[in-house]
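Q: Okay, predicted coordinates and the sequence, questions at the end:
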Amino acid sequence: VQLQASGGGLVQAGGSLTLSCVDSGRAFYAIGWFRQAPGKEREFVAAISWRDGKRYYSDYAKSRSTISRDPAKNTAFLQMNSLKPEDTALYFCTTTIQQIFGPSSSNLYDTWGQGTQLTVSS
């Protein structure tokens, strides 16, 4: 498995959670997190440039989330705070070899992990 996402679970509204993504494959330019709720399209959450750590967030995530990386461990993290029931979704990590300049479509990313489920209870 090239990308392994973990850290999902059941959290109460208002709580926090950190997702992790380990890459064991080829070199890439950036790691991104997307999410997909039942019946909805996959949407961008956050991304980080691997070389310089530049970060990009969706409008709904930027005040409640922090994306970070540990290059020595080939691992990216997505910390989410003040979770809401509408954050319930399957969260995917993904990588791209293309340079990114901001929030991007999932089409820009070429390698995907299996996803980790986050459920936020009210």
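A: Happy to help now that I have it. Only a predicted model underlies this, so the values are computations on that prediction, with no experimental measurement involved.
Q: so how far is Lys40 from the residue nearest to the spatial centre of the chain?
A: By C-alpha atoms, centre = their mean, the chain has its centre lying nearest to Trp33, at 2.2 Å. Remark: distance between Trp33 and Lys40 (C-beta to C-beta, to the nearest Å) = 16 Å. In this view, the C-beta of every residue, glycine as well, is placed from N, C-alpha and C.
Q: same check, this time on Gln12
A: 22 Å.
Q: Same check on Lys62?
A: In terms of C-beta to C-beta, Lys62 sits 20 Å off from Lys40.
Q: Comparing the two, which residue is more hemmed in?
A: Lys62 (15 against 9; other C-beta atoms under 10 Å).
Q: What distance do you get for the closest residue to Lys54 other than its chain neighbours to Ser65?
A: Distance criterion C-beta to C-beta, 6 or more residues apart in numbering; nearest residue to Lys54, sequence neighbours excluded, is Ile48 at 7.0 Å. For Ile48, the distance to Ser65 (C-beta to C-beta) stands at 11 Å.
Q: thinking again about what came up before, next up, the contacts around the residue nearest to Lys54.
A: By C-beta atoms under 8 Å, 6 or more residues apart in numbering, Ile48 lies in contact with Ala30, Ile31, Gly32, Lys54, Arg55, Tyr56, Ile67, Ser68, Arg69, Ala76.
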